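Q: Below is the sequence, then the predicted model.
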Amino acid sequence: MKNVNIALAQLICEDGHVGNNLARLDQVVDKYGHSHDLILFPETFIAGFPPPEVCRELAEPLDGPIVNHLEHKAREANTSIVVGLYEKEGENIYNTTVLVGPTGLLLSYRKTHLWAGEEKAVKAGEYFRSRNWQGTKVGLLICYDIEYPETARAVASMGTELLLVTDGNWDGPVHRVAVQARAQENQMFVALTNRLGQLEDEDITFCGESVIVDPYGRIIAEAGREEEVLSASLDLSLIQESKQQYDYLKERRIPLNIPSKEIVKGVWEIKI
């Protein structure tokens, strides 16, 4: 298995200012895209956390201008981009993370576990997904999702080896501990990118502390509380190495009784 080079873009997000946030994303992709297989941005980085009525105004379908822009940047830099945005489908708005590569939109995931009050702006998602990517299998989760062991286990049960988490968290230690546990108990890599900055009109400061954890639960790269792009090369052979003496998913006696199915070639889904 080859190494995968990923970058975590820990940035300040401007709530409600899509143009400014896209410009920041473009700068990072232009600088790091050609030397990295994937760049991971924070939760809802495209729009931030504006009031619910603004979320609805800024939401777009996944074939809209924002995703089209991301597809263009991914092709231009020959990289993959993972970033959070607000998705509109009919009358529903979702907190969604997308994986976009040079060939287009590869995977989307709607946040299944909403933080207190978030239901005023968005509807909860009802599926977990995993897909083939760059010789491995990747899955997506969003922020509060990572605090539930069942979410990562569901994604891991589809064969995921690299879990990518977009985050918007101000209590750093909670997610740091959760990410290490999810990586170790599922024997997969987990990368989490958190945002920075102050939430407008509220006494909330996002803490950063983005992190990459290996299948043993060991931190292999971490950021502080300042803007930075964290870069790491993931040795995917560690996944099989970690399973030589024990394989948690195969040896567990309490099965996950939710079947997965291949919805399109190379993409698997579990519905809640």
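A: Ah, there it is. Keep in mind it's a predicted model, so treat the numbers as computed, not measured. Numbers count the residues shown, from 1 in each chain.
Q: residues touching residue 38, list them.
A: 4, 5, 6, 7, 79, 80, 81, 82, 134, 164 (C-beta atoms under 8 Å, 6 or more residues apart in numbering). Every C-beta, even on glycine, is put in place using the N, C-alpha and C of the backbone.
Q: Kindly state the beta-bridge partners for it.
A: residue 6, residue 80 (DSSP bridges).
Q: Any regions of the protein where pLDDT drops low?
A: Along the chain, segments meeting pLDDT under 70 span 1.
Q: ok so, going back, PyMOL command for the buried members of the contacts of residue 38?
A: Buried residues among the contacts of residue 38 (16 or more other C-beta atoms under 10 Å), as a PyMOL selection:
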select buried, resi 4+5+6+7+79+80+81+82+164
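Q: Same list, the contacts of residue 38, but as TSV with distance to residue 64 please.
A: Output for the contacts of residue 38, formatted as TSV (distance: C-beta to C-beta, whole Å):
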residue	distance to residue 64
4	29
5	29
6	26
7	25
79	21
80	19
81	16
82	18
134	26
164	22
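Q: just the contacts of residue 38 now: which is nearest residue 35?
A: The nearest member of the contacts of residue 38 to residue 35, counting by C-beta to C-beta, is residue 5 at 6.8 Å.
Q: Let me know the closest of the contacts of residue 38 to residue 60.
A: Checking the contacts of residue 38 against residue 60 with C-beta to C-beta, the nearest one is residue 81 at 15.8 Å.
Q: From residue 171, how far out is the closest one?
A: Distance, residue 81 to residue 171, by C-beta to C-beta, to the nearest Å: 27 Å.
Q: ditto for residue 178
A: 11 Å.
Q: Likewise for residue 182?
A: Residue 182 sits 17 Å away from residue 171, taking C-beta to C-beta as the criterion.
Q: and these two? which has more neighbours close in?
A: Taking other C-beta atoms under 10 Å, residue 182 and residue 171 do not tie; residue 182 has more neighbours (28 against 10).
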